[in-house]
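**Q** Attaching a predicted model along with its sequence, questions to come.
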Amino acid sequence: MPVTIPVRDLKDTTRVCGLCRETDGPVIVTRNGYQELVLITPERYDEMARALEKQRIYDALAMAEDELAEGRFVDAQSALGEIWAKHGL
């Protein structure tokens, strides 16, 4: 569950860093009652980045499978032949 702190609490960096480490979720920093920043640990950021990249790969694979099922593909040898012919290789 995220923890919310006001922006003025950022003055105590040791406490904020400790809060980020102790909290399982993000630390949300607010200004005038509105969300201003979200703080997470480097480890949590890396986990999120890996999960996002994995999802992109899964999405690309799903798209490729759909194209294959619909017959919208060209074999590699034909594609390379077209490229070589286009560029006079």
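**A** Nice, thanks for sending it over.
**Q** Assess the claim that Thr4 and Gly33 are in contact.
**A** No: with contact defined as Cβ atoms under 8 Å, Thr4 does not count as touching Gly33 (10.1 Å). Just so you know, the C-beta spots here come from the backbone N, C-alpha and C atoms, and that holds for glycine as well.
**Q** Give me the more crowded residue out of the two.
**A** Counted by other Cβ atoms under 10 Å, Thr4 and Gly33 do not tie: Thr4 has more neighbours, with 11 against 6.
**Q** Could you list the residues in contact with the lowest-mean-pLDDT helix or strand in the chain?
**A** Sorting the helices and strands of the chain by mean pLDDT, DSSP states H and E puts helix 76-86 at the bottom, at a mean of 90. The contact list for helix 76-86 (Cβ atoms under 8 Å, 6 or more residues apart in numbering) reads Leu89.
**Q** I'd like the distance from that helix to the chain centre, please.
**A** Remark: helix 76-86 is offset 34 Å from the chain centroid, using Cα atoms, centre = their mean, to the nearest Å.
**Q** what do you get for stretch 74-89?
**A** 35 Å.
**Q** quick one: buried residues of it?
**A** By neighbour count on 16 or more other Cβ atoms under 10 Å, the buried set for stretch 74-89 is empty.
**Q** Tell me where this structure has strands.
**A** Counting by DSSP state E, the chain has these strands, from start to end: 3-6, 27-31, 34-39.
**Q** For the last one, which strands pair with it and how are they oriented?
**A** Spelled out, it's strand 34-39. With DSSP bridges as the test, strand 34-39 is paired with strand 27-31 (antiparallel).
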